[in-house]
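Undergrad: Provided below are the primary sequence and the corresponding predicted coordinates.
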Amino acid sequence: MSAAARLAAVGGPVSTLSRFRGALVAAVVGDCIGGEFEGAEDVPLDRVLQHLSGVEDESRGDGILQYSDDTAMMRCVADSLLTRVGFDEQDMARSFAKEYSLAPGRGYGSGVIQVLRKLASPQLSDVFQPARAQFGGRGSFGNGGAMRVAPFALAFRSAAEVRKYSRLGAMLTHSCSLGYNGAVLQGLAVHLSLQGALSLPQEFINRLISEMEVVEKEDSAQRDAKALNLAEFPYCTRLHRVKELIERSSVSVEEVISELGNGIAALQSVPTAIFCVLHCLEPREGLPERYGGLERTIAYSLALGGDTDTIACMAGAIAGAHYGIEAVPRSWQMSCEGVEEADHLAKRLYKLYQSQSSGDAVTMSDSNQPQSHASNQHPTHTN
C-alpha cells in the first residue's frame, strides 16, 4: 500500500483534488471490474481474488475491461454539469439520449431504453414526462439514478444542493421516490465522504440517517412506501440495519444479502454499497493483507454477487472520495476503459467547485421541474 493510501486508511490527510479524482476513477473501476460477476448468485471469494489478480497482471496484454451504462451515464452527468455550469435538465436529457444512440450496447435496461428513445425527440418539451409515464405511470425504482449521481456531489458544495440536484437528475429516468431517493442517499454518501466524514464511521452513518429522515417524510415517499408494503422510512430502516451490521464482530455474506440485498432496485443496492465501504474500512479475513481499504471495498462488493457492477461502482465512488486517487491501484486503472476521461472530468469538476465561494450556488435551469409522482400500484424497477 502506498504511503498516501495508508494515511487515508487511518483518516489522515488526503487532498480535496485527490478525493475528487478518486471518486470518479474508483466508480469507473468498480463498474468495469464488477461486470465480470454481474447477475451471479454465488461468487466465492477465491474467484473474486483470482479475477483481481488477473487485473493486476500487467503482462497480460492490452485487454481492457469495458464500462457499462453506469459509467456512460455518469459521464453524461459530469459533462452536462460542466458545459452548463450547473444543472440543466434539457441538456442532461439530450446528453443521455445521445450517449445511448452512439453506444446502445452498454447494458441499458429495457425500461430506461424506452425513456432514452423518447428523450431523443426534438419535439419533447417536458423531459421528465417519459420517466413519469414508465410502467403505466408507476415509475421506476431501479438504481439507475444512483449509479450515475457522483458528479452532483462534486459539483455542489452543500448537502441541500446535493439532495436537490441528485433527485432532479435521477427523475429524468426514475420518477418513483424509491428510485430518486436512492440517488439522493448515494449522492449524500459521496458528499460526506469528500469531506472526510468516513474517518468517524458512526457519525457518517448517523448523518445519513438524519438526512434521509427528512427526505422520507415527504408525501410521495410516504405514499410509495405504503403502496409497496415497506417500512414507513425504507432507506432509514436499511441504514439502521447497516449500522447494526457494522457494529457486529463478524457477519456473513449471506446475512448481508438477506438483510440489505444485492439487486437492481435502489433500495436493495445503495445501502449495500454503503455497507461495503464501512465494512472494509478495517482489514477483513479472507482478503489479502496488502489490500488497502478501497481494494477491500471493491473485492467485497463483488463477493456479494447480484448487481455487482453497479454496487461496486457506487461503493467505489464513496470509497474513492475517502481514500483518494492514490489508493486506486495503477494496474486496475490501466485495465479499465474510461479511466483517463473520468480523471479529466474530476479535475474539471474540482475547478468548478473551487471557483464557487462558499455562499454561492451553481446556477440551475428551473424550467420544467417535475412534480413528485406517486401511485398506489407497485412500481417496476429497472436500471
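TA: Looks like it arrived, so ask away. Numbers count the residues shown, from 1 in each chain.
Undergrad: Show me the helices in the stretch 151-300 of the chain, by range?
TA: Taking DSSP state H, counting those that start in this stretch as the test, the helices found in the stretch 151-300 of the chain are 159-170, 177-194, 201-215, 219-227, 234-247, 253-260, 270-279, 293-303.
Undergrad: Could you check the angle the shortest one makes with helix 234-247?
TA: Computed with axes from the mean of the first three to the mean of the last three CA atoms, to 10 degrees, the direction of helix 253-260 lies at 150 degrees from that of helix 234-247.
Undergrad: got a list of what residue 129 touches?
TA: residue 118 (CB atoms under 8 Å, 6 or more residues apart in numbering). To be clear about C-beta, it is placed using only N, CA and C from the backbone, and glycine gets the same treatment.
Undergrad: Look up how far residue 307 lies from it.
TA: 27 Å (CB to CB, to the nearest Å).
Undergrad: One more: residue 64?
TA: 22 Å.
Undergrad: more neighbours, these two?
TA: More crowded of residue 64 and residue 307, by other CB atoms under 10 Å: residue 307, with 29 against 13.
Undergrad: What pLDDT does the model give the nearest residue to the more buried one once chain neighbours are set aside?
TA: Excluding the flanking residues, the one nearest residue 307 by CB to CB, 6 or more residues apart in numbering is residue 264, at 4.9 Å. Confidence at residue 264, expressed as pLDDT, is 95.
Undergrad: Out of the helices of the stretch 151-300 of the chain, which gets the lowest mean score?
TA: What stands lowest among the helices of the stretch 151-300 of the chain, in mean pLDDT terms, is helix 219-227, with a mean of 91.
Undergrad: Identify each buried residue in that one, please.
TA: For helix 219-227, burial by neighbour count (16 or more other CB atoms under 10 Å) applies to 220, 221, 223, 224, 225, 227.
Undergrad: just stretch 248-263 next, same as before
TA: Result for stretch 248-263 [16+ other CB under 10 Å]: buried residues 253, 256, 257, 259, 260, 261, 262, 263.
Undergrad: Straight-line length of it, end to end?
TA: End-to-end distance for stretch 248-263: 23 Å, by CA to CA, to the nearest Å.
Undergrad: Report the distance from that stretch to the chain centre.
TA: Computed by CA atoms, centre = their mean, to the nearest Å, the chain-centroid distance of stretch 248-263 equals 19 Å.
Undergrad: Run through who's touching it.
TA: 238, 241-242, 245, 267-269, 271-272, 275, 279, 303-308, 311.
Undergrad: Apply 10 Å and report the result again.
TA: 40-45, 142-143, 238-239, 241-242, 244-245, 267-276, 279, 284-286, 300-301, 303-308, 310-311, 381 (CB atoms under 10 Å, 6 or more residues apart in numbering).
Undergrad: so who does residue 337 touch?
TA: 28, 31, 32, 64, 65, 66, 67, 71.
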